[in-house]
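**Student:** Predicted model and sequence follow; I will ask about them next.
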Amino acid sequence: MTEITISKPNFDGAEKAAVAEVLDSGMLAQGPKVFEFEKQFAEYIGTNHAIATSSGTTAIHLALLGLGIKPGDEVITTPFTFIATATPILFCGARPVFVDIDPKTFNIDPQKLEAAITDKTKAIIPVHLYGQPAAMDPIVELAQAHELVVIEDACQAHGAKYHGKSIGSIGDCGCFSFYPTKNMTTSEGGMVTTNDSEMAENLALLRNHGQLQRYDYNMIGYNFRMTDISAAIGIVQLSKLEQFTEKRIINAKKLTEGMEDVVGVPYIAPDVRHVFHQYTIKQSSRDGLRSALEAAGIGSGIYYPKSLHQLPVFQDHITEGYSAPVAEEVSSEVLSLPVHPGLSEEDIEKIINTVKDFIQQ
């Protein structure tokens with residue numbers, strides 16, 4: 001049985017009390033707690049608006065809809081990410097166009113972007129993978145030159161910064177997830193951040209059946225709402241996020257110092273705040289190392305064992321013969337180790353020693 005888990009939601013009595021307050025109020029669906037959470041999250045990210053949704057997936061879908069992505073459009077993104085980065089593109093009837101990744105950061109390679117732009121390209125979705133900010137300056141500069149919108153997939157990057165700017169505040173909008181494994185959670189939920197007031201108004205309508213007010217429908221919309229129960233948890237979790245983040249950064253530093261002489265430890269780009277949603281190493285004998293960790297009671301994860309362009313569901317949407325050699329190599333070697341705030345000093349030491357013992361045997 002695993003003793004040290006790869007991830008662990010961090011709750012105490014404050015979250016329980018917040019949920020009980022909502023249950024006692026009788027207002028369980030989208031209500032005052034959602035609006036309070038949106039206000040606080042926008043202030044934290046530094047945007048004028050935040051629109052709460054039911055998940056990170058619906059946040060990305062909503063952002064695409066709000067920015068006018070439609071059938072026949074093309075949206076550029078990375079193949080090395082969770083499937084929910086790209087499936088919302090398909091939900092809109094658009095086509096995902098994959099661009100290979102940087103071998104150091106594992107994020108989309110900005111130097112390869114321009115070659116993928118066509119007259120059908122309407123947007124770029126950079127992913128801040130594992131909590132490491134993507135190279136936003138060259139991405140935004142290229143997008144502006146070609147009149148494209150930029151949607152930040154910040155689902156793993158709560159509190160990350162790029163050149164002093166909060167992730168989720170740099171592109172046209174940012175999309176966050178609050179799934180239980182994230183750096184903060186609402187159990188399930190998402191958020192879109194933006195400075196565009198008109199877009200924010202449209203997203204608020206789209207996520208609630210297109211209703212301006214009850215039974216007054218201005219457009220065809222969806223039920224992408226967050227509940228007040230989830231928002232109440234999110235308010236408490238947000239108040240703890242900086243504490244959680246600092247602990248992740250400290251844990252990551254200790255892991256790196258203990259293992260950098262034996263494995264490929266995470267690279268941190270200059271002038272960024274990497275928030276370590278995952279602490280991901282590269283190891284050619286990954287499967288053997290994972291078995292050794294499991295035998296020692298240490299959880300691990302492979303994020304992600306295949307790049308999206310290798311999955312059957314995308315075969316009808318990619319150019320024949322397309323490959324992403326860097327993403328394909330990385331996906332065969334990455335292994336994520338526990339880095340969450342719940343780790344003890346003994347846990348970290350055990351992780352380091354288990355990895356070193358395996359490599360040096």
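**Tutor:** Received the coordinates, thanks.

**Student:** only C-alpha atoms for contact and neighbour calcs from this point on.
**Tutor:** Fine.

**Student:** And the strands in the chain?
**Tutor:** According to DSSP state E, the chain carries its strands in the segments 49-53, 74-77, 95-98, 121-125, 149-153, 161-162, 165-166, 173-177, 190-194, 211-213, 216-217, 272-273, 279-282, 334-337.

**Student:** Pick the most buried one from these.
**Tutor:** strand 173-177 (a mean of 30; mean count of other Cα atoms under 10 Å).

**Student:** Nearest spatial neighbour of Ala14, chain-adjacent residues omitted?
**Tutor:** Val236 (6.8 Å; Cα to Cα, 6 or more residues apart in numbering).

**Student:** quick one: the spatially most central residue of the chain from Pro138, how far?
**Tutor:** For the chain, the residue sitting closest to the mean C-alpha position, by Cα atoms, centre = their mean, is Cys155 at 2.0 Å. Going from Cys155 to Pro138 by Cα to Cα, to the nearest Å gives 21 Å.

**Student:** Please apply the same query to Pro96.
**Tutor:** Separation of Pro96 from Pro138 (Cα to Cα) stands at 20 Å.

**Student:** Could you do Ile69 as well?
**Tutor:** Taken as Cα to Cα, the span from Ile69 to Pro138 is 22 Å.

**Student:** Which one's more surrounded, those two?
**Tutor:** Counted by other Cα atoms under 10 Å, Ile69 and Pro138 do not tie: Ile69 has more neighbours, with 21 against 14.

**Student:** Let me see the contact set for that one.
**Tutor:** 92, 94, 122 (Cα atoms under 8 Å, 6 or more residues apart in numbering).

**Student:** again with Val263
**Tutor:** So Val263 contacts 281-283, 359 (Cα under 8 Å, 6+ apart).

**Student:** Quick check, pLDDT for it.
**Tutor:** Looking at Val263, its pLDDT reads 96.

**Student:** what's the answer for Arg214, then?
**Tutor:** We have a pLDDT of 82 for Arg214.

**Student:** again with the one 10 residues further on
**Tutor:** Taken from the predicted model, the pLDDT recorded for Phe224 is 97.

**Student:** Nearest spatial neighbour of it, chain-adjacent residues omitted?
**Tutor:** Arg207 (4.5 Å).

**Student:** From Met191, how far out is that neighbour?
**Tutor:** Taken as Cα to Cα, the span from Arg207 to Met191 is 11 Å.

**Student:** residues of stretch 330-347 that come out buried?
**Tutor:** The neighbour-count check on stretch 330-347 (16 or more other Cα atoms under 10 Å) flags 330-343, 347 as buried.

**Student:** who touches Glu328 in this structure?
**Tutor:** Neighbours of Glu328 in contact, by Cα under 8 Å, 6+ apart: 306-307.

**Student:** repeat that for 10 Å
**Tutor:** 79-80, 100-101, 304-310 (Cα atoms under 10 Å, 6 or more residues apart in numbering).

**Student:** Would you reformat those as JSON lines and include neighbour count?
**Tutor:** Output for the contacts of Glu328, formatted as JSON lines (neighbours: other Cα atoms under 10 Å):
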{"residue": "Pro79", "neighbour count": "28"}
{"residue": "Phe80", "neighbour count": "29"}
{"residue": "Asp100", "neighbour count": "24"}
{"residue": "Ile101", "neighbour count": "24"}
{"residue": "Tyr304", "neighbour count": "21"}
{"residue": "Pro305", "neighbour count": "15"}
{"residue": "Lys306", "neighbour count": "19"}
{"residue": "Ser307", "neighbour count": "25"}
{"residue": "Leu308", "neighbour count": "23"}
{"residue": "His309", "neighbour count": "24"}
{"residue": "Gln310", "neighbour count": "15"}
